[in-house]
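Asks: A predicted structure for the sequence below; I have some questions about it.
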Amino acid sequence: MTTDFGAKRDVLDFATDWDHTDPAWVADPYPIWEDLRERCPVAHTDRYAGGWFPTTHEMVSSVANDTEHFTSRSVVVSNNKFPPNAEAPVGGAPPITSDPPFHQIARRLMLPAFAPGPINALEPQVRALCTKHLDSLKGRVEIDAGADYAQFISPGVIATMLGFPEEDEDLFRDFVHLVLDLVDLSPEVRGPMFMPMAEYFDKQIHDHLASPRDDFTSYLLNVEIGGEKLPPEHVRGTMVLTLVAGIDTTWSAIGSAIWHLAQNPDDLARLVNEPDLMGVAVEEFLRFYAPVTMARMVKEDMDFYGCPMKKDDWVLLGFPAANRDPDVFEDADKFIIDRAINRHAAFGLGIHRCVGSNLARMELRVAIEEFIARYPRFELSDPSAVTWAPGQVRGPRALPLRILATT
């Protein structure tokens, strides 16, 4: 599936008419964010029935930590502000769509599966998955590191975690595309497109009920809140969250890191020759190329830094823009591979900080380690052919490389 930008009106001024799916924003949002931070740090739009985009770390943090004035009941900016099962405090994909006090309950249920112990135990599987896909590229001088490598790592991990068939990975990518990319479509067009996804998850729930096993889906079906098992819509929503968030964010981060290394041979050489540097390098990849922006909605009319926000306005939290705020990060606009102090917001801020951060870090680290061990030198074969995902998760989709050395 692809997104057609042709019918959309062009953005003339992102300060008053921003659109996170605009081709200019999708291709290179950083100059846009820098400009907004200087002249209009809280941009506004009438698109998507009205929304705001704060660009400074202070403002983004302020919204992310304020559950009194902002709700998380719908976190993906689209033309449908009130999707089914989006009522607070649960929302359609708990805990990311949940407000206090339910949020803490829903989040606590997920923590055991994403603790360091279980995640570290997955590392051999992730390494084997990377090796499998790199082996399939053996002998090729031209590869697409997005379509041939990055897009396969996280779907394979999440399929195993949820207990879903590995052969359904193409379907998972379609689900991600529907949820995160096709936000410009009208509710009348986009709404029915969710039916196959709902049917797929219902099928997986019924299969796990009939044949329980040791995976996250069976865990969700058996865990209890106050002596009661979770309602089916809670189970389904958390499964959707795990699949969509677990796939696209990490896929995008892996691709962005490879894209960077393809254009910065000195950084690539350092990682190849100084493997102990990988830990801090991963944090800088996450800061500089943070893939995720996340939305909130305004609960009631309010003033925010002089901006008259209205009830049910979107607020798109620019975590990647916050990560390049010069008031917080020294040389914020520079990628420094051995940056020592790096309290970035790539995994969010406030109560909704990403539950899966341990998994994302591990997948990113292992995917880069295995790629550069196989290919210690490479470059972009056609920079103009690189394409980026639209919407709230940014990462390269087509990433054509020329391999200069193999091991």
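Replies: Structure's in. What do you need?

Asks: for the closest residue to Thr21 other than its chain neighbours, helix, strand, or coil?
Replies: Leaving aside its sequence neighbours, Thr21 sits nearest to Pro390 (C-beta to C-beta, 6 or more residues apart in numbering; 4.3 Å). In short, each C-beta sits where N, CA and C put it, glycine included. Here Pro390 is recorded as coil under DSSP: H, G, I helix; E, B strand; the rest coil.

Asks: pLDDT value on Pro390, please?
Replies: Per-residue confidence (pLDDT) for Pro390: 92.

Asks: what about it, how many neighbours?
Replies: Using other C-beta atoms under 10 Å, Pro390 has 24 neighbouring residues.

Asks: got it, and Pro232?
Replies: Neighbour tally, Pro232, other C-beta under 10 Å: 12.

Asks: what does Leu221 give?
Replies: 16.

Asks: residues contacting it?
Replies: Leu221 is in contact with 205, 208-209, 212, 229-230, 235, counting by C-beta atoms under 8 Å, 6 or more residues apart in numbering.

Asks: next one: Trp251
Replies: 150-151, 153-155, 395.

Asks: would you check which pair of these lies furthest apart?
Replies: Farthest-apart pair in the contacts of Trp251 is Pro155 and Gly395; separation 13.7 Å (C-beta to C-beta).

Asks: what about Trp52, which SS state?
Replies: Assignment for Trp52 (three-state DSSP): strand.

Asks: nearest spatial neighbour of it, skipping sequence neighbours?
Replies: Val315 (5.0 Å).

Asks: the one you found touches Met294, doesn't it?
Replies: No. Counting by C-beta atoms under 8 Å, Val315 sits too far from Met294 to count as a contact (9.6 Å).

Asks: ok, the two, which is more surrounded?
Replies: The neighbour comparison of Val315 against Met294 (other C-beta under 10 Å) goes to Val315, with 27 against 24.

Asks: other SSEs contacting the helix or strand hosting that one?
Replies: Assessed by DSSP states H and E, Val315 sits inside strand 314-317. Packing contacts for strand 314-317, counted by 3 or more C-beta pairs under 8 Å, 6 or more residues apart in numbering; DSSP states H and E, involve strand 51-54, helix 57-64, strand 294-298.

Asks: make it 10 Å
Replies: Where contact means 3 or more C-beta pairs under 10 Å, 6 or more residues apart in numbering; DSSP states H and E, strand 314-317 is packed against strand 42-45, strand 51-54, helix 57-64, strand 70-71, strand 294-298.

Asks: tally up the residues packed near Ile205, please.
Replies: Neighbour number of Ile205 under other C-beta under 10 Å is 18.

Asks: is it true that it touches Ser211?
Replies: No. Using C-beta atoms under 10 Å, Ile205 is not in contact with Ser211, being 11.6 Å away.

Asks: and Glu169, what does it touch?
Replies: 151-152, 154-156, 158-159, 247 (C-beta atoms under 10 Å, 6 or more residues apart in numbering).

Asks: Arg270 too?
Replies: 261, 264, 277-278, 281, 337-338.

Asks: circling back: so what sits opposite the residue nearest to Trp52 in the bridge?
Replies: Residues in a beta bridge with Val315, per DSSP bridges, are Trp52, Arg296.

Asks: Ala345 is nearest to which of the helices and strands packed on strand 314-317?
Replies: helix 57-64 (6.9 Å).

Asks: contact partners for the most centrally placed residue in the chain?
Replies: In the chain, the centroid-proximal residue (C-alpha atoms, centre = their mean) is Thr249; its distance is 3.0 Å. Contacts here follow C-beta under 10 Å, 6+ apart; on that basis Thr249 touches 154, 176, 180, 290-292, 346-347, 354, 356-357, 359-360, 363-364, 392-395.

Asks: re earlier: narrow the contacts of Arg270 to those in helices?
Replies: Members of these lying in helices (criterion: DSSP state H): 261, 278, 281.

Asks: number of nearby residues for the closest residue to the second one other than its chain neighbours?
Replies: Right, Met278. The shortest distance from Met278 to any residue other than its chain neighbours is 5.9 Å, reached at Arg365 (C-beta to C-beta, 6+ apart). When neighbours are defined as other C-beta under 10 Å, Arg365 has 19 of them.

Asks: now do the one 5 residues further on
Replies: By other C-beta under 10 Å, the residues close to Glu370 number 20.

Asks: just checking, it touches Glu123?
Replies: No. Taking contacts as C-beta under 10 Å, Glu370 lies outside contact range of Glu123: 11.1 Å.

Asks: kind regards, and thank you for your time.
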